[in-house]
Each structure stands twice: as C-alpha cells, then as structure tokens.
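Trainee: Build me a structure from this.
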Amino acid sequence: MTKEEIEFNRNADHMGLLVSDLRRKLDTIQDGGGQKRIEREHAKGKMTARERIEALLDKDAPVFEVGAFAGYEMYEEHGGCPAGGVIVVVGKIHGRSCVVVANDATVKAGAWFPITGKKNLRAQEIAMENHLPIIYLVDSAGVFLPMQDEIFPDKEHFGRIFRNNAVMSSMGIPQIAAIMGSCVAGGAYLPIMSDEALIVDQTGSIFLAGPYLVKAAIGETVDKETLGGATTQSEISGVTDYKMPDDKTCLETIRDLVDKMGEKDRAGFSREKPVEPAKEVREIHGFLPEGGSKPYAMKEILERIVDDSKLTYYKEGYGKTIICAYARIDGWAVGIVANDRQVVKNASGEMQFGGVIYSDSADKAARFIMNCNQKRIPLVFFHDVTGFMVGTRSEHGGIIKDGAKMVNAVANSTVPKITVVIGNSYGAGNYAMCGKAYDPRFIAAWPTAKIAVMGGSQAAKVLTQIQVSAMKKKGEEPDPKQEEELFERIKNKYDAQTSAYYAAARLWVDAIIEPVDTRQFISMGIEAASHASVQPFNVGVIQT
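Mentor: Residues are numbered from 1 along each chain as shown. Just a heads-up that it's a prediction; the model follows:
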C-alpha cells in the first residue's frame, strides 16, 4: 500500500467516526423531551411534532431539516432545549416545496427560548427569500418566562415573527397555521395573521390570556375550552377558519389546501437530466486530511459532487488558491467558488499556500461571481479558508482592495448562494466566501468545519502574547510553564467555540451534514430558490 493510500484510508476512517458521532447526536435530538413526554402527548390524543411533519409531507420525497442542532449544549441550567424546541423542515406537499414549522410540545411544553425565536425567524427568512409557502403547526406554551428579556423586546426577537407574517402576506407568500395545542398571549397573533387557520377540537386552544391570567386580571372564572377552544373560536368568535376533529384530519386538510395553490413564475435556472458523478461519491471521505492543516486537492472532492465529475474551470492557471468552475449538480447549472488547499506557484514563481486568498485569487473570484450573476447561474461556495494573505508584499499589492472587490461581488449577488463549510472558515475569508452574514439561501457544514475569526492555535498565541506583555509591564516575569498553561487554556476554549456543533447550536449554519449528502443538499437548496425571481445585479462602486 502506498503512502497516499494509507493517508486516504486514515482520512476516511476519521471522517467515518465523525459521521457516526453526528448520527448518534441527531438520534438523541430527535427524541425531543424524551420518551415519557412523547407518551404523555400520545395519551392526550396528540401526535408529536415530528410525527405531524411526517404525516404532512409527501412520502419518499427529500426533506431538509433546518437547525436540528439549534440550542445544542445551551440552556443546560434549564434542562436543555433539543432542536430549539421547534422543528423546521423544507419538504414537499403534493410535489410543492414548502417550509414547515412545528412546535415540539415535549420540550418545555413548546415554550420559546431565545434560540426558538431565532430559529422561527430563520424559517420565515427561508420562506421569504425563496417564495415558499410556510405551514405553522402551533403547540406552544408561549415565551419561556425566566429568559423573557432575551426573547421579547428587541428587533430580532419574538415580535419580529408577527411583523414577518404581515410582510409575507403582502408578498403573496401563502401561510397556513394549525392550532394543535396551546397558543397563548402574543403567540396567538401568529396563526391569525396567517392566511388560513385550523384548530383541533379539544386539544387546540387560542387566547390572549389563559384562565389563570383572566382570573388575576379581571376576576372572571372560566375554563380553557369556553375561553378559547375550537368551538368558541370557530363558531362564536370566527377567529379560526376550520374546526378539525383530530390531528390526522387537520394535516390531511392542510395537504388539501396546499394542493389547490396555483403556480407562480419561476427563476428559470438551467436544469438538465441529472447524471451521477463518474467518480465514487463515498470516496469523498478520504480526501480531507484529519486536523485540517495538511494540503489536499479540492478538485478531488468537487469531482465526487458534480454531475459526471465534469467541471469547466474559469481562469484555471490564474489565482490558483481559489477554484472557479461551471458544473451541474443533480442537473442544476452552478458556478462553484472553492478554496483549493494545494501549495502552488504563481506566475512569478512564488509559492502560494492553499486555503489562503491572495490578490489574484480574489480578483478572479470577483469576476467569476459577477459573470454568474450576468448569466443567472446559482453560486455554490465551498469553504476551507484561513483568511486573506497578510504581510508587506500583500499590503503593497493591494490585498485589501482586491478582497473588498470580492466581498462586494458576494454581497450584491442576486442569484441564489448555497454555502458548504467543509473545513476552516476563518476571518474575512468567511465573509468573502459567503458566510452567514452574506445571506446564503442555505448554509451547511461538514462535521470537520471550524468557524471563527482565526484558528485556535493562532488565537491562543496572540492572546498569550498580549497577557504575557501585560504581566511584564506590571513587573511580573511569567515562567515558561505558566505561559504554556495559559496557551493551552485559551486554545482549548477557542477550539470548543470553533466547532461545527457550536456554530450549528447558534444557527450560524442551517445544518451539519454527512459529506456524501452534499450533492442532495445543494440540489434541494437550488430547487427551493428557483421559486423566487432573480433581481437585477449591480455591484456599485468597486476599486480596480
């Protein structure tokens, strides 16, 4: 066995372990609040959030779950919040792509934690950007009161959801809400600001104030059903549109409503009959080196994702640390921008390090991105970037100017942008490669992803130097052992904050995906995006 084969197998084994760990974590998250709470919901005649989604969506159609790791290892002092207490998926109903949002009543009775609000807003953002119908399956006790200051008053908090309800309605984006459990206080506005509202008899209820608060506020004694049950809100107040006998009928009725929706104009992206990659897809596990510091050829990974393993390279001999290429993924025409991790020579014979963006790479990528916008071709970004090149030569060569050109092109792109973080995603490199701040329609990470302002070792060195310098100014002389302990403490903390799971918990990425599923993720993203028209492209002022 050659040295290259040994390295390939080692990488594949490492990735296999990471994928197994990913699946174990997902299995635990999908249990929600645990088996006892699931049984409690069943005893009430209710389906769980995931059971409702499964019954609502088309069988055997691809489904993308957004934010499965939202809240991961957060709120431990409150017992945790699996999946942020709400399930969000992009799936199909009668062949139509839809966003579905379902409160998980097994997690703190579906109460809203700060991350719950952020995840709901992300679901609405996906619906608005891609002009997809959105279905709300409501079953929530309202805001998690111990953390109300972190979810109630700010611009991107709870109230923004109802503002989005109104905006989506004006945009002509269909919204259907089903009240399948509690719906109380401010949360009551969500279903009633939707286009149509259903309510399940005996288990669904909706009111601005529940019986206890009504008693406290005005002294009136009333039970939940009389105050805001299905009969009250469907036959007396007229607040809801459909009274449903049970969850199953409610979900079938939603499917029927979606089935009657008319089609709107599409974006018109090029798609041909899909062709599987010519190279073995599962080999993708063997190319990314363990630890993320060794060079490798990004094209080997790309050839296991694109149709027929065929790429048409743009400016192939120029700006070699970024690959720009046209290809098809599951039939969709795409423009690919990917960091290459090979060490290469530029035209002047100088060595360029893989994963670093140089002036020529930024210039090439900016022009390619503008070309894709001109030709209405969706963009796909593959991150393994440590940042822009630094130092005297780069600064004199105008690296800031060329980097700004690339950032400008990314920021102003109007074609859909799909982002996959496969390795490092550090500093301004994250921005230039369409990180979360640059509005990718969908963004996913491999288990190997690391997102931060810089790597753990670099950050620890910088911070250690600063602290040692401060100690010396006070007349203290740290010994080497002290410095080493300080470095390790800072590095360990920083490494934990750069992990894919840390990012996914905070919704910096929509999902952590198995590398083999990258092709399907990109295809689903472009299909969802194809429902929205593409706006004219204008980059504004760019320094040349």
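Trainee: Find the least confident helix or strand in this protein, judged by mean pLDDT.
Mentor: Within the chain, no helix or strand scores below helix 456-473, which has a mean of 79 by mean pLDDT, DSSP states H and E.
Trainee: which residues make contact with it from outside it?
Mentor: If you take C-beta atoms under 8 Å, 6 or more residues apart in numbering as the criterion, helix 456-473 is touched by 452-454, 477-478, 483, 486-488, 490-492, 494-495, 498. Yep, even glycine has a C-beta here, placed from its N, CA and C like the rest.
Trainee: where along the stretch 51-200 of the chain do the strands fall?
Mentor: 64-66, 86-93, 96-103, 134-138, 175-179, 182-184, 196-200 (DSSP state E, counting those that start in this stretch).
Trainee: List the neighbouring strands of the first one plus their orientation.
Mentor: Using DSSP bridges, strand 64-66 pairs in its sheet with strand 86-93 (antiparallel).
Trainee: just the angle between the partner strand and strand 96-103, please?
Mentor: Relative orientation of strand 86-93 with respect to strand 96-103: 160 degrees, computed using axes from the mean of the first three to the mean of the last three C-alpha atoms, to 10 degrees.
Trainee: Residue most distant from the centroid, this structure?
Mentor: G475 (48.5 Å; C-alpha atoms, centre = their mean).
Trainee: Against L190, how distant is that one?
Mentor: Distance, G475 to L190, using C-beta to C-beta, to the nearest Å: 61 Å.
Trainee: With T2 instead?
Mentor: For T2, the distance to L190 equals 60 Å [C-beta to C-beta].
Trainee: got it, and N120?
Mentor: For N120, the distance to L190 equals 9 Å [C-beta to C-beta].
Trainee: Same question for S270.
Mentor: Where L190 is concerned, S270 sits at a distance of 38 Å (C-beta to C-beta).
Trainee: Looking at these two, which one has more neighbours?
Mentor: With neighbours defined as other C-beta atoms under 10 Å, S270 and L190 compare such that L190 has more, 24 against 13.
Trainee: Quick check: next helix or strand after the lengthiest strand in the chain?
Mentor: Longest strand of the chain, by residue count under DSSP state E: strand 417-426. Per DSSP states H and E, the first helix or strand lying C-terminal to strand 417-426 is helix 427-432.
Trainee: can you pull the contacts of the closest residue to G32 other than its chain neighbours?
Mentor: What sits nearest to G32 in space, not counting adjacent residues and going by C-beta to C-beta, 6 or more residues apart in numbering, is T106, at 4.1 Å. Residues near T106 by C-beta under 8 Å, 6+ apart: 32-34, 37-38, 40-41, 48-49.
Trainee: same thing with G67?
Mentor: The contact partners of G67, taken as C-beta under 8 Å, 6+ apart, are 83-84, 88, 119, 122, 504, 507, 510-511.
Trainee: before we move on, back to that, report the secondary structure state of the residue farthest from the centre of the chain.
Mentor: coil (DSSP: H, G, I helix; E, B strand; the rest coil).
Trainee: Which neighbouring elements make contact with the longest strand of the chain?
Mentor: Judged by 3 or more C-beta pairs under 8 Å, 6 or more residues apart in numbering; DSSP states H and E, the packing partners of strand 417-426 are strand 379-385, strand 442-445, strand 450-452, helix 518-529.
Trainee: Turn those into TSV, columns for mean pLDDT.
Mentor: What follows is the helices and strands packed on strand 417-426, written out as TSV (pLDDT from 0 to 100):
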stretch	mean pLDDT
strand 379-385	97
strand 442-445	98
strand 450-452	94
helix 518-529	98
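Trainee: Out of those, which is the most enclosed?
Mentor: strand 379-385 (a mean of 27; mean count of other C-beta atoms under 10 Å).
Trainee: continuing past that one, what's the next helix or strand?
Mentor: With elements assigned by DSSP H and E, the helix or strand that comes after strand 379-385 is strand 387-388.
Trainee: That following strand pairs with which strands, and in what direction?
Mentor: For strand 387-388, pairing defined by DSSP bridges yields strand 356-357 (parallel).
Trainee: Mean confidence (pLDDT) on the strand it pairs with, please.
Mentor: Across strand 356-357, the average pLDDT comes to 94.
Trainee: Run the chain-centre distance for it.
Mentor: A distance of 24 Å separates the centroid of the chain from that of strand 356-357, by C-alpha atoms, centre = their mean, to the nearest Å.
Trainee: downstream neighbour of it in the secondary structure list?
Mentor: Downstream of strand 356-357, the first helix or strand assigned by DSSP H and E is helix 359-374.
Trainee: buried ones in that following helix?
Mentor: Of all the residues in helix 359-374, those buried under the rule 16 or more other C-beta atoms under 10 Å are 359-370, 372-373.
Trainee: And stretch 396-405, by the same measure?
Mentor: Applying 16+ other C-beta under 10 Å to stretch 396-405 flags 398-399, 402-405 as buried.
Trainee: And stretch 278-288, by the same measure?
Mentor: Residues of stretch 278-288 classed as buried under the neighbour-count rule (16+ other C-beta under 10 Å) are 281, 283-288.
Trainee: And the helices in the stretch 1-150 of the chain, which stretches?
Mentor: Assigned by DSSP state H, counting those that start in this stretch, the stretch 1-150 of the chain shows helices spanning 3-29, 35-43, 49-56, 114-130.
Trainee: For K320, find the nearest of those.
Mentor: helix 3-29 (21.1 Å; C-beta to C-beta).
Trainee: Just name whatever secondary elements the closest one is in contact with.
Mentor: On a contact count with 3+ C-beta pairs under 8 Å, 6+ apart, helix 3-29 meets no helix or strand.
Trainee: Can you give the distance of it from its chain's centre?
Mentor: Relative to its chain's centre, helix 3-29 lies at 22 Å (C-alpha atoms, centre = their mean).
Trainee: Run the angle between that helix and strand 86-93 for me.
Mentor: 110 degrees.
Trainee: can you tell me the average pLDDT over helix 3-29?
Mentor: When pLDDT is averaged along helix 3-29, the result is 95.
Trainee: Against K320, how distant is the closest residue to T414 other than its chain neighbours?
Mentor: Nearest-residue entry for T414: Q535, 4.4 Å, with adjacent residues in sequence omitted and distances by C-beta to C-beta, 6+ apart. As judged by C-beta to C-beta, Q535 and K320 stand 33 Å apart.
Trainee: and these two? which has more neighbours close in?
Mentor: Each of Q535 and K320 has its neighbours counted (other C-beta under 10 Å); K320 has more, 21 against 9.
Trainee: got the contact list for the spatially closest residue to the more buried one that is not a sequence neighbour?
Mentor: In space, and not counting its chain neighbours, K320 is closest to V344: 4.3 Å by C-beta to C-beta, 6+ apart. Contacts for V344 (C-beta under 8 Å, 6+ apart) come out as 320-321, 351-352, 354.
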